[in-house]
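K.L.:
sequence isn't available, so here's the structure alone:
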Ligand SMILES: CC(C)(COP(=O)(O)OP(=O)(O)OC[C@H]1O[C@@H](n2cnc3c(N)ncnc32)[C@H](O)[C@@H]1OP(=O)(O)O)[C@@H](O)C(=O)NCCC(=O)NCCS
């Protein structure tokens, strides 16, 4: 019996992970994880133009950690305006991505846990909608569909069938049309040193 319990414990310990807020000490591990999982082309995506030199939305940079605290998954959300409403008012929303899970830990529910935590936190914080560019067969399970993003465009090339939205407040994106623009707080950059 003890041996059975030990093997059950070992199985769950091996699959254990926690979802946590990202902290500054996670940045290098997160960037290495994204390089490994998404490759060098990740910085050329249209989504990247909405993230570059911006800080993620408040409280919406999450990581998954293994039992030793190492980063094995990441997801971040970004403040954007999703075009304008039918009355011409900007429509605040979030852009999700990248979502990535370390190769060695795929298929354990970590991506799903990160998605559910991110969506729950976004809702708690009062956001109205989340947009993303990604594989519809994966993201549909979290409620993301192309319909609500049908009249919106990314600021650069994108595949329409991969441009998806989830409303956190009913009809938030109703009538929203136009291009996504970045509205997140800008990263503080160190001033350039002038040559003496
Ligand atoms: C996509 C990704 C985040 C999923 O993470 P994960 O922790 O393995 O996901 P989960 O364990 O929560 O879910 C696994 C399920 O999603 C499915 N899945 C994974 N990627 C998928 C995809 N691109 N399209 C459709 N289904 C997918 C798996 O087949 C599995 O299905 P099952 O539950 O029926 O067995 C991970 O594979 C990854 O980091 N990929 C590389 C980076 C990337 O492409 N990110 C953007 C995704 S568009």
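P.N.:
Nice, thanks for sending it over. Just so it is clear, the structure is predicted and the values come from calculations on it, not from any experiment. Residues are numbered from 1 along each chain as shown.

K.L.:
how about the nearest residue to residue 180, chain neighbours excluded?
P.N.:
Nearest non-adjacent residue to residue 180, counting by Cβ to Cβ, 6 or more residues apart in numbering: residue 80, 4.9 Å away. The way it works is simple: take the backbone N, C-alpha and C, and place the C-beta from them, glycine included.

K.L.:
tell me the contacts of the one you found?
P.N.:
Each residue near residue 80 by Cβ atoms under 8 Å, 6 or more residues apart in numbering is listed here: 50, 92, 93, 94, 95, 131, 180, 181, 182, 183, 184.

K.L.:
just say helix, strand or coil for the second one.
P.N.:
Here residue 92 takes the strand state, with states given by DSSP: H, G, I helix; E, B strand; the rest coil.

K.L.:
what's the separation between residue 172 and residue 100?
P.N.:
The spacing between residue 172 and residue 100, counted by Cβ to Cβ, to the nearest Å, is 27 Å.

K.L.:
of those two, who's got more company?
P.N.:
The residue with more neighbours, out of residue 172 and residue 100, is residue 100; 23 against 20, by other Cβ atoms under 10 Å.

K.L.:
residue 182: neighbour count?
P.N.:
A count of neighbours around residue 182, defined by other Cβ under 10 Å, yields 17.

K.L.:
the closest residue to it other than its chain neighbours sits in which helix or strand?
P.N.:
Closest residue to residue 182 apart from its sequence neighbours, by Cβ to Cβ, 6+ apart: residue 50 at 4.5 Å. Assessed by DSSP states H and E, residue 50 sits inside helix 46-51.

K.L.:
go on, residue 118?
P.N.:
Here residue 118 sits within helix 110-124, counting by DSSP H and E.

K.L.:
and the next element down the chain from that helix?
P.N.:
Toward the C-terminal end, the helix or strand that comes next after helix 110-124 (DSSP H and E) is strand 129-133.

K.L.:
contacts for that next one next, please.
P.N.:
By Cβ under 8 Å, 6+ apart, the surrounding residues in contact with strand 129-133 are 45-47, 77, 80, 82, 91, 93-97, 119, 122, 139, 144, 148-149, 152, 154, 158-159, 162-169, 172-173, 180.

K.L.:
put the buried members of those residues into a ChimeraX selection.
P.N.:
Filtering the contacts of strand 129-133 down to the buried ones (16 or more other Cβ atoms under 10 Å) takes a single ChimeraX command:
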select :45,46,47,77,80,82,91,93,94,95,96,97,119,122,139,144,148,149,152,154,163,164,165,166,167,168,172,173,180
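
K.L.:
what are the phi and psi angles of the residue nearest to residue 180?
P.N.:
phi -140, psi 170 (degrees, to the nearest 10).
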